[in-house]
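In: coords below, sequence missing:
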Ligand code: F6P
């Protein structure tokens, strides 16, 4: 009897998810699996919304943004009853292998689905693939979608810089990332921003307002016509709230700087995946399916060039990919968001220092 493998995308979509689905289907088929797509993430598992997938269905998907399988946030899956129902649907369809492509919440679901204390005797092997523009997943250098999102933000900032210079204005540009400031940090360097604000720096709103106002005063002294302030979504004040406070501080110092706000929002999540996202997604898809075929269960394929995460093993399929236990991925993700991991501290320190040196 042929082995059967399900694949789903879950949580916020990320450019490159389709490239990962494509790789799962192509590699899975090659390794002798019947591959089944699950529509609309975990909701589709509960509804048994399955579709057979073969190479012809996915071959042109490498360049498409969004996710061909659809995605959803599924509150029912957070309950044990929901997950029991999902396991029954999988068993009924004889699906004993599953690849979950998604972010923190999706990988948490994957871990719960395959947890020995929940699944009992059911044979179910799950592999995760990190996909989230936020880059907030532990033990992977990159998640699928991050590179494209960075390119989208930099392109938007370049455009904003043109109009900012024309009108002698300061722009506060808010970028997505949920609680993680990585997109703001990295794009502030790439876009040549003047100030970057992210939650991980642990600064009060007053400090942030002071830093922005000082920077604007400094730029005026130097005769610079435009200013670009990139603010991470996770900073504890909204972009409009920050503008109001900065305007008040500028008025107090009799500095005539006109400010504007642009919230990039979901634009950052869309679009054709970059070459890097296509490459990383394809290689992670390959590594994940090979891991399942080799008998791994409950692991995430991680993008780890040159650095093996603690407790992980290298993928037999790809020397840039590691296989990390999902428990360890989730623990490291929590440390990353709480700024308790070396990686999170490194990010916060380095980008804060760069901010001062490059007048970012
Ligand atoms: O996790 C990806 C992400 O785009 C975050 O950056 C953002 O905070 C969130 O999802 C938005 O979620 P939704 O699309 O449900 O509004």
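Out: All right, it came through fine. Remember, it's a predicted structure, so these values are computed and weren't measured experimentally.

In: Which residue, other than its chain neighbours, is closest to residue 19?
Out: residue 281 (3.8 Å; C-beta to C-beta, 6 or more residues apart in numbering). For glycine as for every other residue, the C-beta is placed from the backbone atoms N, C-alpha and C.

In: hang on, that neighbour in a helix?
Out: Yes: the assignment for residue 281 by DSSP: H, G, I helix; E, B strand; the rest coil puts it in a helix.

In: Could you check how far it is from the ligand?
Out: Applying C-beta to the nearest ligand atom, to the nearest Å, the value for residue 281 to the ligand is 16 Å.

In: I'd say that residue and residue 273 touch.
Out: Yes: between residue 281 and residue 273 there is a contact under C-beta atoms under 8 Å: 7.0 Å.

In: if you count what's nearby, which of the two comes out ahead?
Out: Between residue 281 and residue 273, residue 281 has the larger neighbour count (other C-beta atoms under 10 Å), namely 32 against 27.

In: What residues does the more buried one make contact with?
Out: Residue 281 makes contact with 16-20, 23, 129, 131, 144, 273, according to C-beta atoms under 8 Å, 6 or more residues apart in numbering.

In: Next: residue 8.
Out: Contacts of residue 8 were listed using C-beta under 8 Å, 6+ apart, and they are 37-38, 41-42, 44-45, 69, 98-102.

In: how does it look with 7 Å?
Out: 38, 41, 44-45, 69, 100-101 (C-beta atoms under 7 Å, 6 or more residues apart in numbering).

In: quick one, phi/psi of it?
Out: phi -140, psi 160 (degrees, to the nearest 10).

In: Which residue, neighbours along the chain excluded, lies closest to it?
Out: Spatial nearest neighbour of residue 8, excluding adjacent residues (C-beta to C-beta, 6+ apart): residue 38 at 3.8 Å.

In: Let me know the pLDDT of the residue of the stretch 251-360 of the chain at minimum distance from the ligand.
Out: Nearest to the ligand in the stretch 251-360 of the chain, going by C-beta to the nearest ligand atom, is residue 269, at a distance of 5.2 Å. We have a pLDDT of 97 for residue 269.

In: Likewise for residue 205?
Out: So residue 205 comes in at 98 (pLDDT).

In: Just give the closest residue to it, not the sequence neighbours.
Out: residue 237 (4.8 Å).

In: State the distance from the one you found to residue 257.
Out: Distance of residue 237 to residue 257, computed by C-beta to C-beta, to the nearest Å: 18 Å.

In: repeat for residue 10
Out: Taking C-beta to C-beta, one finds residue 10 at 43 Å from residue 257.

In: How about residue 118?
Out: Distance, residue 118 to residue 257, by C-beta to C-beta: 57 Å.

In: quick one, which of the two is more surrounded?
Out: Just comparing residue 118 and residue 257: by other C-beta under 10 Å the higher neighbour count belongs to residue 257, 18 against 15.

In: Not counting residues beside it along the chain, what's closest to residue 139?
Out: residue 309 (4.1 Å).

In: Please list all residues in contact with the residue of the stretch 251-360 of the chain closest to the ligand.
Out: Contacts for residue 269 were tallied using C-beta under 7 Å, 6+ apart; they are 12-14, 133, 149, 176.

In: now, the most widely separated pair of the residues you listed?
Out: 13 and 176 (12.1 Å; C-beta to C-beta).

In: who's more crowded, those two?
Out: residue 13 (25 against 22).

In: could you pull out the strands for the stretch 251-360 of the chain?
Out: Secondary structure of the stretch 251-360 of the chain, counting by DSSP state E, counting those that start in this stretch: strands at 258-263, 299-303, 313-314, 321-325.

In: List the strands paired with the third one, with their directions.
Out: With DSSP bridges as the test, strand 313-314 is paired with strand 321-325 (antiparallel).

In: buried ones in the strand it pairs with?
Out: 321-325 (16 or more other C-beta atoms under 10 Å).

In: check contacts around the spatially most central residue of the chain.
Out: Central residue of the chain (C-alpha atoms, centre = their mean): residue 132, 2.1 Å from the mean position. Residues near residue 132 by C-beta under 7 Å, 6+ apart: 11-12, 14, 103-104, 143, 145.

In: Which residue ranges make up the domains of the protein?
Out: Under the assignment automatic domain parsing, the domains of the chain span 3-145+273-338, 147-269.

In: From residue 85, how far off is the residue nearest to residue 8?
Out: Distance of residue 38 to residue 85, computed by C-beta to C-beta: 14 Å.

In: Spell out which residues of the stretch 201-350 of the chain are next to the ligand.
Out: Contact residues (C-beta under 6 Å from any ligand atom) of the stretch 201-350 of the chain with the ligand: 233, 269.

In: hang on, the earlier thing: possible to save the contacts of residue 269 as a markdown table with secondary structure and pLDDT?
Out: Below are the contacts of residue 269 laid out as a markdown table (DSSP: H, G, I helix; E, B strand; the rest coil; pLDDT from 0 to 100):
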| residue | secondary structure | pLDDT |
| --- | --- | --- |
| 12 | coil | 96 |
| 13 | coil | 97 |
| 14 | coil | 98 |
| 133 | coil | 98 |
| 149 | helix | 98 |
| 176 | coil | 98 |
